[in-house]
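*Asks:* Sharing a sequence plus its predicted fold:
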Amino acid sequence: MREKVFIKLIILTIFIINILYAQDIKIDFSLGINSEWRIDRFLPLFVEIYNEGNKVKLILEVIYTQGLRYAGYCESTYKKEVEVPPLSQKRFEFLLPPIDFRYPVRARVLKDNKTIKEEKIDFSLERITLPLVLIIGREIPKIDFFKKARIVRVYDEKLLPINYKAYDNYDLIIIDRNLFNSFSNSIKNSLIMAKIFTKRVLFNDEINKLSKSIKPTPYTISIPHNTFLYTPDPSTLQGQMFLYPDRWQILIFLSLYFILIFLWIRFLFQKRYSFISFLFIIIFSSLIGFGINQSFTKDAIAYGEKYLIFLDKNTYVAENLIHISLFSPFKRDITIEYPPNIFLLYNAYYQPQKNKTTLLVDINNQRANLSLERNRIYFLEGISYHFIPIDIKIKELNDRYILEISNNSPINIKDCVFKHGNKENYVGYIPKNAYKEFIIWKSGLKEPSLLNEFIKKYRIIPPIGDKLIIWGRIDEPLNHVKILNIKTQKSIDGIIIIPIEG
Amino acid sequence: MRIWWFIDLKAKISDKKYLRIIYTYFFIITLITVIIWPSKSFDLNKYSITDLFLIFSIAHFIFITYLSSLTFSGNLIAEREFKIINLARFSPFKIREIIRGRFLSNLLYLIFILLILLPFNLMIGFSVDFSKIIILYFLLLLDSLPIMGLGILWSTFSNPSINWLLHWTTYILFIIFPFLFPSTFFLFPLNNILWLVKAENILYLKVNFYPSRDLPIIIIFYLIIFLISILIAEKRLKYYQGVDKR
């Protein structure tokens, strides 16, 4: 009997102590592997949480800033709600756009809306001057330029980022194939994705390819407050139609209304119920007028989307660099719902002479909030990936190429062009779910390549090289970005690049 | 017996002279709206939305004050409407009742026009909420208050050309003159309208009006002008009444 009471007492004290002295949560922020990073590349931010106490719900916020401090800058805040079970260690990963070195990335952890840890993650400029090589494996292969490179060696799966874009940070990644086979699927997938989209990832048995394809270049420091494009491009907004009533509808409404008032004065005013009929006319027209006002202020928003898709023909996986421009003639707050295949969305350009603009991204619900000032264009950028099954077979003869294209995807590709080096030849239209055969005469290839001109605007370019490429235009929405509660037209200008060989 | 000023109001509403004036105004605002209504297609270099509330607040201000000056001074008289001097001479009402009735019939007519304009104002007020329109209406009536009082005073002059001259002098001095120098004197009625439409931010004008400080002052000042002119008008009307009785 006494023992039972004793045990109960002990349990009670443990319980009370647990509540009163909730144990510490240890939080650690780090940027990349050993915090090695390059200035104009995407990179991961890790938040490591060790929970010694009870199960906790935390809110992680990572604030990424770019722009000019005195002329206005833009922030992207990534918010993630996480739950950490008791006595466990968890690691959360954020993907960050290329960092503006003038601003620290700020990270903070909130518990019950109180900040429990806040940290500025600073960078030093020393680290960026040498090429950065990541070796996933125990042995360092002997390669000439390694003498002039900064080498990071990792053989623990836990240290590697899960997001494939985070590997963009490295100039070269060499993976030990045996070690790779022992990794978990998510890491394997992300390494494979990185291999497809950067072409800078090699297995150790492929090193002999290295001399041909990879030449790490030294580079200069520039102010990187933009990522995909060198300058913001609002061209997609030009000529877009707003969905609000036009002036002729307004003319009809106003003239009908004033004529109605005239008729009321002429015929109903001296009658019985004249006051009630007058009130009815006024209230009814007020409602219509207010409706016009509302539809005007609500729907006056222009949305343009520009994107560059790079498709890997072996895996049908495509990477999409999205550039969204938004314009509103009124001050308003908008909520954007974005699909799960967009895995990074950020505020891309600063607004001159404005304090700051903040994009709040709720990663859990895949929603973003942005408040728009009147008469300003806002730019968002993002990356997504898609599955686009397009099969291309090519036969090269003496004087011509024969292309067999079967487009099994739901996308119409317009104005397809065959490109070889700096020469191009127009191919035509490839409708969705269709098979087409084209003959391209070598004598028909003409300089210069439009694609090369187009790509000059892009700071971040998919690995194209001088190989055979098919490229075309898409004007369908691939990313179903939705602005909640607002009707708007979208003008879309997309380019798809499909390398045929290599 | 029905209330005489209500009959007066009815005469105003259905009279052609009044209709012509208000319909000219409606035509002008419809025309301006259609011309400056923002275009539907977005041109990056040109597109902007004109602040229609700003334009039409000032337009309403000019029109409502003009109309109040015109009607209160008795320069616009409907066929079946009563002239104030005739009322003083021949009606059985007291002078104070005559002036009150005169004021009410004209005020209700202004309110009637403001009510007709309500759907229009709701339509063009993109950048403002409903409370701003209410404040606009309040300020319009407040600003026309001294003009109303002075108008009643001018209406007691039986010489129509003096009456007309005084009506235009008041209107120009109080309403048109401040447009040249809006920031000179905070008691000018234009200042509070410019404050309401945020002309300081949009037109980069210096507006000399701070509502918490100036609003009570202008309310008192306008009321004083109104009351003094009404008192003088009463005296003058009593004189007419006296002349007739003598």
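*Replies:* Happy to help now that I have it.
*Asks:* Contact partners for the closest residue to residue A:137 other than its chain neighbours?
*Replies:* In space, residue A:137 comes closest to residue A:176 once its chain neighbours are excluded; the distance is 2.8 Å by CB to CB, 6 or more residues apart in numbering or on different chains. (Glycine included, C-beta is placed from N, CA and C.) Residues near residue A:176 by CB atoms under 8 Å, 6 or more residues apart in numbering or on different chains: A:136-139, A:155, A:203-204.
*Asks:* Out of the residues you listed, grab the one that's most surrounded.
*Replies:* Taking other CB atoms under 10 Å in any protein chain shown as the neighbour criterion, residue A:136 ranks highest of the contacts of residue A:176 with 26 neighbours.
*Asks:* That one pairs with what?
*Replies:* In this structure, residue A:136 bridges to residue A:154, residue A:175 when assessed by DSSP bridges.
*Asks:* Looks like it contacts residue A:178 (just checking).
*Replies:* No - using CB atoms under 8 Å as the test, residue A:136 is too far from residue A:178 to be in contact (10.9 Å).
*Asks:* Could you look up the SS state of the closest residue in space to residue A:186 that isn't next to it in sequence?
*Replies:* Nearest in space to residue A:186, with sequence neighbours left out and distances taken as CB to CB, 6+ apart, is residue A:162 at 5.3 Å. Per DSSP: H, G, I helix; E, B strand; the rest coil, the secondary structure class of residue A:162 is coil.
*Asks:* Now do the helices in chain A.
*Replies:* Ranges of helices in chain A, per DSSP state H, are A:2-20, A:177-181, A:185-198, A:210-213, A:247-263, A:274-299, A:450-455.
*Asks:* Quick one: mean pLDDT for stretch A:142-158?
*Replies:* For stretch A:142-158, the mean per-residue pLDDT is 77.
*Asks:* and stretch B:108-119, anywhere near chain A?
*Replies:* Yes - applying CB under 8 Å from any CB of the partner chain, one finds stretch B:108-119 touching chain A at B:115-116, B:118-119.
*Asks:* pLDDT score assigned to residue A:402?
*Replies:* With respect to pLDDT, residue A:402 scores 90.
*Asks:* Quick check: residues of chain B near chain A?
*Replies:* B:10, B:13-14, B:19, B:23, B:26, B:30, B:33-34, B:37-44, B:47-49, B:115-116, B:118-127.
*Asks:* Can you tell me how far residue A:327 is from chain B?
*Replies:* Relative to chain B, residue A:327 is positioned 7 Å away (CB to the nearest CB, to the nearest Å).
*Asks:* Any regions of the chain where pLDDT drops low?
*Replies:* In the absence of a named chain, this looks at chain A. A:1, A:17-23, A:34-37, A:39, A:68-71, A:123-129, A:144-147, A:209-226, A:351-354, A:502 (pLDDT under 70).
*Asks:* that's the other chain; I wanted chain B
*Replies:* Residue ranges of chain B with pLDDT under 70: B:1-2, B:182-184, B:243-246.
*Asks:* Which stretches in it count as helices?
*Replies:* With DSSP H as the criterion, chain B has helices at B:4-14, B:16-36, B:52-72, B:84-90, B:95-124, B:130-154, B:160-171, B:177-180, B:189-196, B:199-202, B:211-245.
*Asks:* List the buried residues in the longest one.
*Replies:* Across helix B:211-245, burial judged by 16 or more other CB atoms under 10 Å in any protein chain shown covers B:214, B:218, B:222, B:225-226, B:229-230, B:233-234, B:236-237, B:240-241.
*Asks:* cool, and stretch A:231-244?
*Replies:* Buried residues in stretch A:231-244, counted by 16+ other CB under 10 Å: A:232-234, A:236-237, A:240, A:242, A:244.
*Asks:* Could you chop chain A up by domain?
*Replies:* What automatic domain parsing lists as the domains of chain A is A:23-122, A:130-213, A:226-242+A:300-502, A:247-299.
*Asks:* need the contact list for residue 149.
*Replies:* Going with chain A. A:130-133, A:171-172, A:216.
*Asks:* switch to chain B, that's the one I care about
*Replies:* B:225-230, B:233.
*Asks:* For the residue nearest to residue A:186, give me phi and psi.
*Replies:* Backbone torsions of residue A:162, given as degrees, to the nearest 10, read phi -80, psi -30.
*Asks:* wait, it sits on residue A:184?
*Replies:* No - Residue A:162 lies out of contact with residue A:184 (CB under 8 Å); the separation is 9.3 Å.
*Asks:* okay, those two: which has more neighbours?
*Replies:* A side-by-side neighbour count of residue A:162 and residue A:184, using other CB under 10 Å, places residue A:162 first with 14 against 11.
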